[in-house]
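*Asks:* with the sequence up front, the predicted model follows.
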Amino acid sequence: MKKIFIITSVVLMLSSCSTPTPPHDPQKNTVNWNSKVMSQSIEGQITVDGLKSQFKNVTGNELPVPARALSCSDPDCYYALWSESYTKNMRIYRENQESENRAKAEQCDSNPQCRRKAEFERYLSGAKSSYQEAILTATPVYSGRADRMARALCNKAISAQSNGVDISNWVRSVSDAGLLDGNNPYGSIAISCWWTGFYGVKDANQVFN
């Protein structure tokens, strides 16, 4: 009887050992891991899907799949590999963009017409940006006044340029008026608008349209 009990116990033990463990199904797991929130940032929740979407929005391409992503057995490993792919490929993309921009800038510098157009657009963009800053930093009650001041100052800068005031004297005048103190947007407007006048702009309405 004792012998039968021992044999039965051994058989049961072997049976339990031979029960197959369910296979790891990476495809099934990644469905949930892609949308799992891994952390928070000021921009929102961080997920693998979010990394893919951000990369696509910036580069226009799909984020390359990490080689070992499907071998992960937990979401932390899975996210770490995708995060590494995002960082690496975004760095490559930005380096390529910088290289292309430098090549374009060098090519443009060798062409007087292109260089002139690029310089004009830079000063025009600077004037517009400073104008927006002046409006946005003014209280709602004074936003109309800020608009009038910016346009009047821009017209004065354009007029000074057309009347023969060179840029060094104009900068000195702007500085003496205290407009270059700190991050005053009106100082930038005054300088940028002088240059837009240099490149043919006749009125502030052509700058702040």
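*Replies:* Ah, there it is. Residues are numbered from 1 along each chain as shown.
*Asks:* residues in contact with Tyr142?
*Replies:* Listed by CB atoms under 8 Å, 6 or more residues apart in numbering, Tyr142 has no contact partners. Every C-beta, even on glycine, is put in place using the N, C-alpha and C of the backbone.
*Asks:* wasn't Gln45 part of a strand?
*Replies:* Yes - with DSSP: H, G, I helix; E, B strand; the rest coil as the criterion, Gln45 is part of a strand.
*Asks:* ok, for it, nearest residue in space, not its chain neighbours?
*Replies:* Leaving out its chain neighbours, the residue that sits closest to Gln45 by CB to CB, 6 or more residues apart in numbering is Val37, at 4.5 Å.
*Asks:* thought that neighbour was touching Val48?
*Replies:* No - using CB atoms under 8 Å, Val37 is not in contact with Val48, being 10.1 Å away.
*Asks:* what comes up buried for stretch 64-82?
*Replies:* For stretch 64-82, burial by neighbour count (16 or more other CB atoms under 10 Å) applies to Pro66, Ala69, Cys72, Pro75, Tyr78, Tyr79, Leu81, Trp82.
*Asks:* now the strands for this structure?
*Replies:* Assignment of strands within the chain using DSSP state E yields the ranges 39-41, 44-46.
*Asks:* those strands: lowest mean pLDDT?
*Replies:* Per-stretch mean pLDDT for those is lowest at strand 39-41 (a mean of 65).
*Asks:* most centrally placed residue in the chain?
*Replies:* Nearest to the geometric centre of the chain sits Val58, at 7.8 Å (CA atoms, centre = their mean).
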